[in-house]
Every structure is written in structure tokens, then in C-alpha cells.
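S.K.: Pasting the sequence and the predicted coordinates here, then a few questions.
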Amino acid sequence: MKDYNEYLKISNLVQEALDNNQPIVALESTIIAHGMPYPDNIETALEVERIIASYGVIPATIGIINGKIVVGLDRDEIEYLGKSKNVLKASRRDLPVILSKGYDAATTVSATMICAELAGIKIFVTGGIGGVHRGGEDTLDVSADLTELAQTNVAVVCAGAKSILDIGLTLEKLETLGVPVLGYKTINFPAFYNKNSGFRCDYEMDTTEEIAKAMIVKWNLGLKGGIVIANPIPNEHEIDSDYINEAIKTALLEASKLNIKGKETTPYLLGKIKSITGNRSLVANIELVYNNARIGAEISRDYNRLR
């Protein structure tokens, strides 16, 4: 295996877990730097780590500090990324420049998957994956998350794809790329704020052990790429689909008027939806991440035991 120490800093806690074959869950940092307002971002990040640790699993929040990938950010580093105004947003294409220039950056789903695999971590928890944006058949605005899922051996626990996306096209793209979409205790593919997007997962998995077994078989067969584990938002935090879709339409219209495109689109839309819904979307976002952390920790324990 190639030595990536020049680019990678693994915390003592995470390194000890790797050395002793303990279960680990990777966490992204874009939600800290770009996905939520301060101080909710930092409080949420720390609570997600606490939840995962309560299952006997080691949390490994990933970010880039001074051009170095940090796997297992400490509290000071999390607060720095959550407060600083100069933190970039890193996807696969950005990593070479950000690292070579010594910049600070928060990792998106795609970059976090890359960094997790470099460190030897197989489970990653996030809020929702990116995908094909609405109108993507014309604009070709497709998240790098999807192509990363096709080539990087990390399973991603999420509450489906973000509601601002074209869910149908996103699932079609995942099928084309050969990425299994597994619903945890559901066949309905969730849409972030809603339990049911109107589309179906490839398979319903009744237990976290079943999911762990599928991961093992996939990679034992040399079938490159990740797995999407769709975990619906808890009932009590779900937002009515008609209500949230109206908010999304309004946000999309505003983004179009302001000519907001590319990697700035998702942070803008999520912020606008938060404003329209009077924080309801933020509360839902936080709670679904907590829920994903619980399931991710259980899958990590099962995967670690079975492999």
C-alpha cells in the first residue's frame, strides 16, 4: 500500500482504532463549514461524535487544515472550521490544489469518501448525498458524489438524496454506475426531509447485519465502488412534502435569478429553505444526521465483527 503520510494526519485515537481493528465511522466537515449556521454546526458535529462513541465506535471527522488531510479532527479544529470564513469546499477535483497550496477546506461527500478510504475506513455517515440537480438533463449539473460512489470502496449512510435534487435522475445515474441503493427497513427511497420520495430503493434491508454482509460480499468479489444506505428521517421530524417542495421551488427560483451555480448551489438553497421554513428544515437536518449516526455506528460494529 502506498504511503500517504505526506498528505494525511490521522489522530492518535483513530490510529489506535485502526491498529486494533476497532469499528470506526468517518464524518464529513462540509456540514460544519458550509451546511449549517454557527453555533448549530459545531454543536451538531460534536453531538454526532458523541452518539457514535456511545455505541463503542470511534468517530473520525475529516477535514483539511493547512493543506493536510486530518482524519479525526479534535474539538479545536472542528470549531476552527465552523467559525472561519476562509474555509474552502473540497471535492475530488479540488484536493490536489488545496493540499499543494496549504489551504484549509471542508470535505464534501466525495472528498470524505476518498480520505476515508486512504485511512482505511469503510463506513461514512452524512446527511444526504448529492446527485443530479433539477434540470440536470439540460445543465449537466451532477454532483461528484455519484461518480465517487462508483469508484471508492466506502459505504455511505444518508437520509437519501437532498430534496433539492431530481431524485429520479439521481437514482437512474446510480443504477448506471452500478451503485447498490439499500433501504434500511424501507423499500421507499427517502428524500432528506421526507421518508418517501416516490421512488424505490434497490433492496430493503431489515437489519444492520444484513447491510454489513452485503458490504463484505461486494468488496470480497472485487466489485469496486461504494454502497448507498438510505435511512429515512424519523417520523416526528419529517416535513410535509407539499410544504417543503414549495419552499424548494421558491429557493430554486431565487438561485436562478442570482445566477448561482456549481458548488455554491447547495449551500445557498439549504440556507434559503431554512429561512423560508423558519428553521424547521434546520431542525430536521440535525435530527436526520443524528439518526444516521446511530445506524452508521451499528453497521460499523457489525461490519467489524463479521469481516
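M.R.: All right, it came through fine. Because the structure is a prediction, the values reported are computed rather than measured. Numbering: from 1, shown residues only.

S.K.: Excluding covalently adjacent residues, which one is nearest to Glu49?
M.R.: Sequence neighbours aside, Pro59 is the residue nearest to Glu49 in space, at 4.0 Å (criterion: CB to CB, 6 or more residues apart in numbering). C-beta here means a position set from N, CA and C on the backbone, and glycine is covered the same way.

S.K.: Show me what the helix or strand containing the one you found is packed up against.
M.R.: Element membership for Pro59, per DSSP states H and E: strand 58-65. In terms of contacts (3 or more CB pairs under 8 Å, 6 or more residues apart in numbering; DSSP states H and E), strand 58-65 is packed against helix 12-19, strand 24-27, helix 40-54, strand 68-71, helix 75-83, strand 105-107, helix 109-119.

S.K.: and that strand, which residues are buried?
M.R.: Buried residues in strand 58-65, counted by 16 or more other CB atoms under 10 Å: 58-65.

S.K.: Can you say which of the helices and strands packed on strand 58-65 is nearest to Val157?
M.R.: With CB to CB as the criterion, Val157 lies closest to strand 24-27 of the helices and strands packed on strand 58-65, at 8.3 Å.

S.K.: Dump the closest one to CSV, keeping only the CA atoms.
M.R.: Coordinates of each C-alpha in strand 24-27 appear next as CSV, following Å, rounded to 0.1, in the frame of the first residue of the first chain:
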residue,chain,number,x,y,z
ILE,A,24,-14.7,3.5,13.0
VAL,A,25,-17.2,5.8,11.3
ALA,A,26,-16.0,8.7,9.1
LEU,A,27,-17.8,12.0,9.2
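
S.K.: what distance separates the helix or strand following that strand from the middle of the whole chain?
M.R.: Note on strand 24-27: by DSSP H and E, the next helix or strand toward the C-terminus is helix 30. Relative to its chain's centre, helix 30 lies at 9 Å (CA atoms, centre = their mean, to the nearest Å).

S.K.: go on, stretch 14-23?
M.R.: 22 Å.

S.K.: Same check on stretch 24-37?
M.R.: That offset, for stretch 24-37, works out to 8 Å (CA atoms, centre = their mean).

S.K.: again, but for stretch 82-93
M.R.: 15 Å.

S.K.: hmm, back to that, tell me what the residue nearest to Glu49 is bridged to.
M.R.: Counting by DSSP bridges, Pro59 forms beta bridges with Val25.

S.K.: measure it to Leu88 for me?
M.R.: 23 Å (CB to CB, to the nearest Å).

S.K.: How about Val228?
M.R.: Distance from Val228 to Leu88, by CB to CB: 26 Å.

S.K.: Have a look at these two and say which one is more surrounded.
M.R.: Of the pair Val228 and Leu88, Val228 is the one with more neighbours under other CB atoms under 10 Å, namely 25 against 16.

S.K.: Let me see the backbone angles for that one.
M.R.: Per-residue torsions, Val228: phi -90, psi 120 (degrees, to the nearest 10).

S.K.: For the spatially closest residue to it that is not a sequence neighbour, give me the pLDDT.
M.R.: Computed as CB to CB, 6+ apart, the closest residue to Val228 that is not its neighbour in sequence is Val181, at 4.6 Å. Note for Val181: predicted pLDDT of 98.

S.K.: And Val181, its phi and psi?
M.R.: phi -110, psi 110.

S.K.: Quick check, pLDDT for Lys274.
M.R.: Value for Lys274, per-residue pLDDT: 79.
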